[in-house]
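1. could you look at this predicted model? Sequence included:
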Amino acid sequence: MRAKTDGTMAQKETAEDRAVATNRKARHEYIVLDSFEAGIVLTGTEVKSLRLGNANIAEAWAQIKDGEVWLNGMHVSPYEQGSYANVDPLRKRKLLLHRKEIRKITGRLGEAGLTLVPLKVYFHNRLAKVLIGICRGKREHDRREDIARREAERDIRRNYAR
């Protein structure tokens, strides 16, 4: 932390505050109703590979099984210097949430049409985190509305710049 000129403390930006992987497809295909920050159980070589940015969550999904949240389909490339310590790149990984949060997610997922989707993988205070969202799939008219809204905003910006 460093002090600002007005006496308050500003958070120091580090390279670890950046996102490792984002699921851009999720924002396009789903409406995010609620999101939760979860820790993730990783091996040492997986953490090193994540720090290099070698992860993909485009095809990943999360599920609740026996009161635990699991992340499936996340690809973490094997660490090049890992040798025997590397694990399967597509293995299931446990997500760490409080019981209260798991109960809340379980209750919400009981509604029809809702699913649990990973939105972002990042480091926060040197710990790997996953932002998961309770999502509802967009219908065709929802996508059209989003496209129309983006085009209108673009036109407004274009006209304002003139």
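-> The structure has been received and is ready for your questions.
2. for the chain, longest helix please?
-> Secondary structure assigned by DSSP state H gives helix 140-161 as the longest helix of the chain.
3. contacts for it?
-> Residues outside helix 140-161 that contact it (CB atoms under 8 Å, 6 or more residues apart in numbering) are 28, 31, 138. Where C-beta positions appear, they are placed from N, C-alpha and C, glycine not excepted.
4. tell me how far the first one lies from Leu116.
-> Spelled out, it's His28. In this view, His28 and Leu116 are 17 Å apart by CB to CB, to the nearest Å.
5. these two: which has the busier surroundings?
-> It is Leu116, of His28 and Leu116, that has more neighbours when counted by other CB atoms under 10 Å, with 21 against 10.
6. quickly list what the most centrally placed residue in the chain is bridged to.
-> The C-alpha lying nearest the average C-alpha coordinate of the chain belongs to Lys120 (CA atoms, centre = their mean; 1.9 Å). In this entry, Lys120 is beta-bridged to Thr22, Leu131, by DSSP bridges.
7. residue ranges in the chain under the pLDDT threshold?
-> Residues of the chain that meet the criterion pLDDT under 70 lie in 1-17, 162.
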